[in-house]
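Asks: for reference, the sequence and a predicted model appear below.
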Amino acid sequence: MYWRLGFPGWRLAAVCGIPIMIKINVCKDDEANVYFATSDDIGLAVESDNLDALMEEIHAAVPTLLQLSHPPIEKPMTDIRLNNNLTMA
């Protein structure tokens with residue numbers, strides 16, 4: 001069971017130990033030959049040449065963006081899962 005960041009009661013759910021989900025959209029731009037990730041939940045916008053490097057960018061950016069947008073979160077947990085339905089831009 002997960003609770004989405006920003007949904008009503010998400011802070012209470014986090015305090016109770018329920019994992020908080022951040023929606024991250026990962027897409028591929030074939031014309032520019034890059035992958036990019038965005039998230040309206042925390043203001044994420046990163047891009048890279050390959051998925052492995054993109055995952056590193058996401059893992060580096062998420063904790064900082066969480067601290068900026070939701071300061072009370074002290075120990076952010078990041079669990080990023082990619083589905084096989086990447087959107088082609």
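Replies: Sure thing, it's come through. Numbers count the residues shown, from 1 in each chain.
Asks: tell me the centre residue of the chain?
Replies: Ile24 (4.1 Å; CA atoms, centre = their mean).
Asks: on the pLDDT front, check that residue for me.
Replies: With respect to pLDDT, Ile24 scores 88.
Asks: just give the nearest non-adjacent residue to it, would you?
Replies: Ser39 (4.6 Å; CB to CB, 6 or more residues apart in numbering). In this view, the C-beta of every residue, glycine as well, is placed from N, C-alpha and C.
Asks: next, count neighbours for the one you found.
Replies: 19 (other CB atoms under 10 Å).
Asks: which phi and psi does it have?
Replies: phi -150, psi 120 (degrees, to the nearest 10).
Asks: Met21 is in contact with that one, correct?
Replies: No - Ser39 lies out of contact with Met21 (CB atoms under 8 Å); the separation is 10.8 Å.
Asks: separation between the residue nearest to Ile24 and Val26?
Replies: According to CB to CB, to the nearest Å, Ser39 stands 10 Å off from Val26.
Asks: next: Asp41.
Replies: 14 Å.
Asks: cool, Glu56 as well?
Replies: Glu56 sits at a distance of 13 Å from Val26 (criterion: CB to CB).
Asks: mind jotting down where the strands sit in this structure?
Replies: For the chain, the strands defined by DSSP state E cover 3-4, 20-21, 25-29, 34-39, 44-48, 87-88.
Asks: can you add distance to Ser69 and give the ones you listed back as a markdown table?
Replies: Below are the strands of the chain laid out as a markdown table (distance: least, CB to CB, whole Å):
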| stretch | distance to Ser69 |
| --- | --- |
| strand 3-4 | 14 |
| strand 20-21 | 13 |
| strand 25-29 | 17 |
| strand 34-39 | 10 |
| strand 44-48 | 10 |
| strand 87-88 | 24 |
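Asks: and Glu56 and Val26? which has more neighbours close in?
Replies: Val26 (20 against 13).
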